[in-house]
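> Return atomic coordinates for the entry below.
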Amino acid sequence: MMAKLAQSMADKLGFGDLLWQIATSDAVLLLVAGLIVIAMLVGHFPVLSGLSALQQYVVPAKLAVYAFVFLFAFLLGFRTADDRAEAKALRADVARKDEVIAAKDFDLRLAIEAAEVAQKQRDEAALRAKEAQDEIDDYAQRLKARPNASCVLAPSDFPGSLPDDGKR
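Alright, predicted model coming up:
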């Protein structure tokens, strides 16, 4: 099961990334900090250095302090740099998504404006159609009101389209 988990993690992160994730984890950093404290107690504090059992470890402990401090600083620096790179990538991703949202918002505003214009044009067309229907109904009423249905159309039946030249 642990092998499957490790393989899954390696597939997701890559093996190198997995190792760096482990190396810069809180547990490893706490372990290195603990080793720094222990090496400092053995190598630099005379109370513990005076013990005969620890006497042979004083010089290596003094050197180990500097090695562990260097390791701690390196791992912490790598983790900080990795976090900064990840934050930068996330900021870029958020900026890109904000641009997409702004473009979609612009498209939505254009669609709403187009819908409003279309609705206005539909209302105007409906009004013109109603006015035309009223004219047709009016004209039909005038034709019905004539005494003889076979009457020739008069120029008043075509307002504005036929000049009245007096020949009829």
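> just the strands in this structure please.
Applying DSSP state E to the chain gives no strands.
> the bottom helix or strand of it by mean pLDDT?
helix 46-49 (a mean of 60; mean pLDDT, DSSP states H and E).
> Now for Ala126, how many residues are close by?
10 (other C-beta atoms under 10 Å). Backbone N, C-alpha and C define where each C-beta goes, glycine included.
> could you point out the longest helix in this structure?
Counting residues, the longest helix found in the chain (DSSP state H) is helix 58-145.
> Give me the pLDDT for Phe158.
Here, the pLDDT recorded for Phe158 equals 62.
> Next: Leu75.
88.
> ok, now which ones touch it?
Residues in contact with Leu75, defined by C-beta atoms under 8 Å, 6 or more residues apart in numbering, are Ala23, Thr24, Val28, Leu29, Val32.
> export those residues to JSON lines and tack on neighbour count and distance to Ala102?
Compiled in JSON lines, those are given as follows (neighbours: other C-beta atoms under 10 Å; distance: C-beta to C-beta, whole Å):
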{"residue": "Ala23", "neighbour count": "15", "distance to Ala102": "40"}
{"residue": "Thr24", "neighbour count": "19", "distance to Ala102": "36"}
{"residue": "Val28", "neighbour count": "16", "distance to Ala102": "43"}
{"residue": "Leu29", "neighbour count": "16", "distance to Ala102": "41"}
{"residue": "Val32", "neighbour count": "19", "distance to Ala102": "46"}
